[in-house]
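1. mind folding the following:
(chains A and B)
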Amino acid sequence: MAGAARSPRLSSCGCLTPFGNARETHAALVRGESALRHVAVLGIGGGDRVPLALLPGRELDDTNPPAWLDALRSLALSIPGEGWGSPRRPVFITGSNFGVGGLYALRRYGDPSFAAWGAPPSCAEQVRKMLGFGPDVSILSLACVSAHLGLLQATRVVASGAAERALVLSFDFLSPFVAGGFHALKILNGDFPAPFRERASGSIGLGDGAAFAVISPDEGDWVVEGQSLFNEMHHFTSNRPDGSGFARCMESVREAALGLRVWVKGHGTGTLEAGRLEVAAVVRAFPDSPITGWKGGLGHTLGSCGLVELAVALESMRCGTAPGVQEASGEPMAPAVAAKAFPTGQFDGVVLASNAFGGAHAAFLIRHA
Amino acid sequence: MLERFIDVLESDDPRAEPAAATRDRLKARFAPGATRRMTTLGMLLGASLARMGPSEADAIVYASGYGESRALEDFLDTFPNPSPTLFQTSIHPSAVQQAMIGGQRPAGEFMALSGGNLLAFHALRACLLSGARRVLLCGGEETGTWLLEHGLASPRTFAFATALTQERGPSALGSVQLEPFDTDGSMALPELFDLLHARAPHAGPIAPGWRLSLSWFPTP
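-> Residues are numbered from 1 along each chain as shown, chains lettered A, B, ... in the order given. Predicted structure coming up:
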């Protein structure tokens, strides 16, 4: 059975970041603000201070119940419709950090009550019950392209007629587990990230983030097309040096965007080599398109970044202005990199791309219906 | 109705076999030195997946409730000096990535799922909705130690891989069908594994609103 006979639509989309909802997040990014602050990498366990963007009032260490639950509940209040999790309205929960904050707390502090949140099935089940969803809740987790997988599955169940609507809900909240891991890889260090800019050394920041998208067969102003996945399987933490993985992922998106004027929201974490490869691939695929990326302001929201940044991109199209990359020292990696906010009124759509461990690449096009 | 045909199937049920014995049994199926950093789940999954002869045109759907339980345990025990290697190995779909990176085999579409008592349905639905001519459904679990005590790891170790095709080929072993059905049901991953491992037929509800028909063709 083919995946997408019709192109489903995005009927609703929203996000939550340390700046607030999609509108507040977009406005802050346009103003050039960053939510990143220096925080001890192991929370109350101390360690180097690294750039993290935490929800207001939230500490890095998990509590029981998690302090992020209220934020997720407030985001869910803005999800339209009902009956989510029923056979005709399935839910796809995505993320790359399900419960690892609880797992860290369980091991470090020995409190068994954290176990209720400590694995993807149990964490998603707690969230499902809290939000009143029915049982049909899938869990997808492929590191930092997780949200793209959920979006692809949601569009497929709707396009095939297997569902009348589908909801994608993605969340990633930071913890010493994930901050410590990226710090061990040495890409999360004391420097603030400057995606798509040339500097002496690369660095990333991490951020709390959650988002949702409702997929419908025929409601909404935006069509989802050209959904693309490609996995280099070259190395766990680096890409093929010829950039072929980035290029392969862009192929079907470029075909979907033929004849359209698009701008590109890249992945852009702040690492140098991946940034250069991504910019080169985007310039080849979309030579007339500006490239932007927002992890300099939001931090990397990990498995949820694809959906969080989609919400910001839609707000950019609605408002007529897209945020540029974060102001920082260092020249942009190409003239196409948007160092400042730019108008979106002349564009038909936006290409959104994300990357992950294992050389995983994902991208799709959003265009006016 | 959604349908695909089972073209190739490989499954491994170590039961009470110690992890060290499992690793020793499978070591020869990987390049020399390749298994040093592989997890037991990575080796089990990789050995099954290799029998499928994965190509870039295949879609891969991976299902595991708990993923890399032992790597997670070991990573957590490295704090306050976390291991970068164990961090990357602990991510949910690492077993497939260990196998595919070891063989330098790129993959197009790769779906990684977790879940509980509907995981079999969600994985099969992902396979049957894929546009790829051939979908490699694979999955497995590995037992944990202290995670298991908290109900956060699988009590058993197993792995499987099966190639599902759109067309019935001459070597087809069976078929998988999903169709809407007005009854509740569920099927966790170990239940699907047991059916596949035993080549056992099944017809009944697999999720609320859905029915699974798993049929096996007569051996020529």
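
2. can you tell me how far B:Phe75 is from chain A?
-> Distance of B:Phe75 to chain A, computed by CB to the nearest CB, to the nearest Å: 7 Å. The C-beta positions use only the backbone N, C-alpha and C, and glycine is treated the same way.

3. assign a three-state SS to that residue, would you?
-> Of the three states, B:Phe75 takes helix according to DSSP: H, G, I helix; E, B strand; the rest coil.

4. contacting residues for it?
-> A:181, B:82-83, B:86-87, B:89-90 (CB atoms under 8 Å, 6 or more residues apart in numbering or on different chains).

5. now do A:Leu188
-> A:Leu188 touches A:41, A:50-51, A:179, A:182, A:203-206, counting by CB under 8 Å, 6+ apart.

6. which SS class is it?
-> coil.

7. the contacts of B:Phe75: which two are farthest apart?
-> Largest separation among these by CB to CB: B:Pro82 and B:Thr89, giving 12.0 Å.

8. between these two, which has more neighbouring residues?
-> Per other CB atoms under 10 Å in any protein chain shown, whichever of B:Pro82 and B:Thr89 has more neighbours is B:Pro82, with 27 against 24.

9. now render the contacts of A:Leu188 as TSV, adding distance to chain B, pLDDT and secondary structure.
-> Below are the contacts of A:Leu188 laid out as TSV (distance: CB to the nearest CB, whole Å; pLDDT from 0 to 100; DSSP: H, G, I helix; E, B strand; the rest coil):
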residue	distance to chain B	pLDDT	secondary structure
A:Val41	9	98	coil
A:Val50	13	98	strand
A:Pro51	18	98	strand
A:Ala179	9	98	helix
A:Phe182	8	98	helix
A:Ser203	15	96	coil
A:Ile204	14	97	coil
A:Gly205	17	98	coil
A:Leu206	13	98	strand
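
10. helix/strand/coil for B:Gln88?
-> Per three-state DSSP, B:Gln88 ends up helix.

11. ok, now which ones touch residue 98?
-> Went with chain A since none was named. A:119-120, A:123-124, A:139, A:141, B:114.

12. oops, wrong one, chain B.
-> By CB under 8 Å, 6+ apart, the neighbours of B:Gln98 are B:37-39, B:42, B:45-46, B:89.

13. got the confidence number for it?
-> For B:Gln98, the model assigns a pLDDT of 97.

14. tell me which helix or strand it sits in.
-> helix B:94-102 (DSSP states H and E).

15. now the element after that helix, going C-ward?
-> Heading C-terminal from helix B:94-102 (DSSP H and E), you reach strand B:110-114.

16. with just CA atoms, put that following strand into CSV.
-> Provided in CSV are the C-alpha atoms of strand B:110-114 (Å, rounded to 0.1, in the frame of the first residue of the first chain):
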residue,chain,number,x,y,z
PHE,B,110,14.3,3.8,9.2
MET,B,111,11.4,3.9,11.7
ALA,B,112,12.2,3.1,15.3
LEU,B,113,9.3,2.4,17.7
SER,B,114,8.9,1.6,21.3
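
17. strand partners of it, parallel vs antiparallel please.
-> Partners of strand B:110-114 in the sheet, by DSSP bridges, are strand A:137-140 (antiparallel), strand B:59-63 (parallel).

18. tell me the phi and psi of residue 10?
-> No chain specified, so I'll use chain A. Here is the backbone geometry of A:Leu10 (degrees, to the nearest 10): phi -90, psi 110.

19. hm, I was asking about chain B
-> Torsion angles at B:Glu10 (phi, psi; degrees, to the nearest 10) stand at phi -130, psi 130.

20. re the thing from before, for B:Phe110, which of the strands paired with strand B:110-114 is the nearest?
-> strand B:59-63 (4.7 Å).

21. now that closest one against helix B:94-102, angle please.
-> Here strand B:59-63 runs at an angle of 140 degrees relative to helix B:94-102 (axes from the mean of the first three to the mean of the last three CA atoms, to 10 degrees).

22. of the contacts of A:Leu188, closest to A:Gly81?
-> Closest to A:Gly81, out of all of the contacts of A:Leu188 and judged by CB to CB, is A:Leu206, at 31.6 Å.

23. now that closest one, which residues is it bridged with?
-> Where A:Leu206 sits in a bridge, its partners, by DSSP bridges, are A:Leu52, A:His300.

24. I figured it hits A:Leu302, correct?
-> Yes - look at A:Leu206 against A:Leu302 with CB atoms under 8 Å: they come within range, at 7.0 Å.

25. the closest residue to B:Thr162 other than its chain neighbours and B:Arg199, how far apart?
-> Distance criterion CB to CB, 6 or more residues apart in numbering or on different chains; nearest residue to B:Thr162, sequence neighbours excluded, is B:Leu9 at 4.4 Å. Distance, B:Leu9 to B:Arg199, by CB to CB, to the nearest Å: 8 Å.

26. and those two? Which one has more around it.
-> Each of B:Leu9 and B:Arg199 has its neighbours counted (other CB under 10 Å); B:Leu9 has more, 20 against 14.

27. which residue is nearest the middle of chain B?
-> B:Gly139 (0.8 Å; CA atoms, centre = their mean).

28. I'd like the next helix or strand past the helix or strand that one falls within.
-> For B:Gly139, the element it lies in under DSSP H and E is strand B:134-141. From strand B:134-141 onward toward the C-terminus, using DSSP H and E, the following helix or strand is helix B:146-149.
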